[in-house]
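> What shape does this take:
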Amino acid sequence: MKIKPFKGIRPPKELVTKVSSRPYDVLNSEEARQEAEGNEMSLYHIIKPEINFEPGTDEHDPRVYQEALSQYKRFRVKGWLEQDQEEKYYVYAQTGFGKTQYGLVVGAWVDDYLEGRIKKHELTRKDKEEDRMKHVRTLNANMEPVFFAYPHRDDLDAIVAEVTKGTPEYDFVAAPEGFRHTFWIIEDKKTIDRITEIFAEIPAMYIADGHHRSAAAAGVGQELKIKNEKLKIKVPEYEYFLAVCFPDNQLNIIDYNRVVKDLNGLSEEEFLEALNKDFIVECYNGDLLDSDGHRQSSVLNDVKPKALHNFSLYLGGKWYSLTAKEGRYNDADPIGVLDVTISSNLILDKILGIKDLRTDKRIDFVGGIRGLGELKQRVDSGEMKVALALYPVTMQQIIDIADSGNIMPPKTTWFEPKLRSGLVIHELN
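Predicted structure coming up:
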């Protein structure tokens with residue numbers, strides 16, 4: 001892999017908690033408006049610039065992209081974002097769920113993406129790609145990093161361990177999730193050169209989160225390269241884009257669950273009977289369904305899926321365990337082994353008639369960070385009829401699928417913690 005250090009644009013230490021934000025795509029415009037209220041330094045003014053217009057303003061309005069640029073210039077003039085004078089790498093650590101993962105912040109080479117060495121496991125939508133490309137073109141910068149995984153290396157782990165003995169530049173706990181974010185600057189030239197050398201020995205990296213940002217960054221980089229080659233201009237920076245690269249053995253993937261509005265004309269009894277054809281269906285002990293609020297967390301923990309090919313179903317006020325029967329899946333197939341494939345084929349399609357997870361309005365998806373309580377609440381409220389909790393995929397499954405050139409079904413992976421935006425920005429000039 002080809003990477004390079006860069007002159008990062010960052011908030012001063014005392015402003016980082018005011019400037020940094022959640023990624024643009026984990027919340028809607030109104031949520032961003034509320035989080036940024038009273039804080040003119042919030043990065044949402046740049047990455048969700050529609051919040052500076054009347055509610056309901058189309059986030060794809062040309063004025064919105066120009067507002068992002070105006071805000072970015074304002075942040076620079078005000079000193080809320082300042083550029084490092086020398087090219088550097090950075091270490092970014094995230095702490096949550098009782099563990100810490102350490103990523104290296106680098107400039108990733110556009111050609112590694114275009115030529116398939118930075119590997120995908122999801123399809124992207126052209127409209128979402130174009131939105132991010134307009135944002136990158138307008139600002140001439142990668143405002144938010146993408147999230148990569150690389151095959152772990154002891155030599156890189158040792159470098160990171162040495163760097164993180166020093167005093168971090170940033171160290172804070174971010175609301176509302178409560179994850180800790182810690183950030184170090186690598187300034188030693190020998191260390192920087194050694195990191196570049198080690199990455200050159202790594203054959204591939206894998207997109208964990210940020211498929212649309214990766215596609216957009218690479219697309220703009222390619223555009224600028226073609227344009228400037230005609231003009232005989234060489235600016236190496238646009239050939240790279242902002243990435244945080246984590247060792248694959250440190251990452252945390254949580255479940256990505258499903259809720260459905262109806263049973264496709266079936267009664268609850270008929271639906272459960274249909275499930276019996278492909279699953280061993282067991283109702284959890286009624287004692288586990290105690291509605292006492294103080295017990296809800298432990299109760300719901302008891303009904304979580306226990307292993308691959310085991311699912312939890314909530315229907316009619318009861319939790320059920322579903323275990324796929326032998327012969328209903330293919331452990332030798334990187335796609336066929338996935339629980340999202342099994343549930344999509346044998347439950348959502350076969351019984352509930354949901355053919356396309358991307359377009360069917362009867363289904364919604366709930367990240368595991370919200371817990372099984374969110375599934376229960378959405379069914380108990382009457383909004384949804386049934387909920388299905390899945391066992392999370394593994395990093396190795398993602399690697400196997402990416403290496404085989406396959407694409408995962410929609411809404412399969414949920415990485416947490418999410419990268420914090422605004423800790424460092426990469427300009428293309």
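> surely residue 247 meets residue 157?
Yes - look at residue 247 against residue 157 with CB atoms under 8 Å: they come within range, at 6.7 Å. Any C-beta I mention is one placed from the backbone N, CA and C, and that applies to glycine too.
> Helices along the stretch 251-400 of the chain, start to end?
Taking DSSP state H, counting those that start in this stretch to define them, one finds helices in the stretch 251-400 of the chain at 268-275, 296-302, 339-343, 372-380, 395-403.
> And the first one, what's buried?
Yep, that's helix 268-275 we're talking about. 271-272, 274-275 (16 or more other CB atoms under 10 Å).
> Tabulate the residues you listed (TSV), appending distance to residue 100 and pLDDT.
Formatted as TSV, these follow (distance: CB to CB, whole Å; pLDDT from 0 to 100):
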residue	distance to residue 100	pLDDT
271	43	98
272	43	97
274	45	97
275	40	98
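> Quick check: buried residues in stretch 77-88?
Residues of stretch 77-88 classed as buried: 80-81, 84, 88 (neighbour count, 16+ other CB under 10 Å).
> any weak-confidence spans in the protein?
233-235, 285-301 (pLDDT under 70).
> where's the residue nearest to residue 352 when sequence neighbours are not counted relative to residue 216, distance?
Of all residues beyond its chain neighbours, the one nearest residue 352 is residue 264 (4.6 Å), with distances taken as CB to CB, 6 or more residues apart in numbering. Counting by CB to CB, to the nearest Å, the gap from residue 264 to residue 216 is 37 Å.
> quick one, which of the two is more surrounded?
residue 216 (25 against 16; other CB atoms under 10 Å).
> which element is that one on?
Per DSSP states H and E: residue 216 is located in helix 211-230.
> so what does that helix touch, helix or strand wise?
In terms of contacts (3 or more CB pairs under 8 Å, 6 or more residues apart in numbering; DSSP states H and E), helix 211-230 is packed against helix 110-114, helix 126-139, strand 146-150, strand 240-247.
> for these, which one sits closest to residue 254?
Ranking these by proximity to residue 254 (CB to CB) places strand 146-150 first, at 14.2 Å.
> Contacts for that closest one next, please.
Outside strand 146-150, the residues that touch it by CB atoms under 8 Å, 6 or more residues apart in numbering are 1, 103, 108, 118, 199, 202, 204-210, 213-214, 217, 241-248, 251, 395, 398-399, 415, 419.
> Over to stretch 104-112?
So stretch 104-112 is contacted by 1-6, 8, 89-92, 118, 145-146, 148, 156, 160, 195, 199, 205, 217-218, 221-222, 225, 237-245, 424, 426 (CB under 8 Å, 6+ apart).
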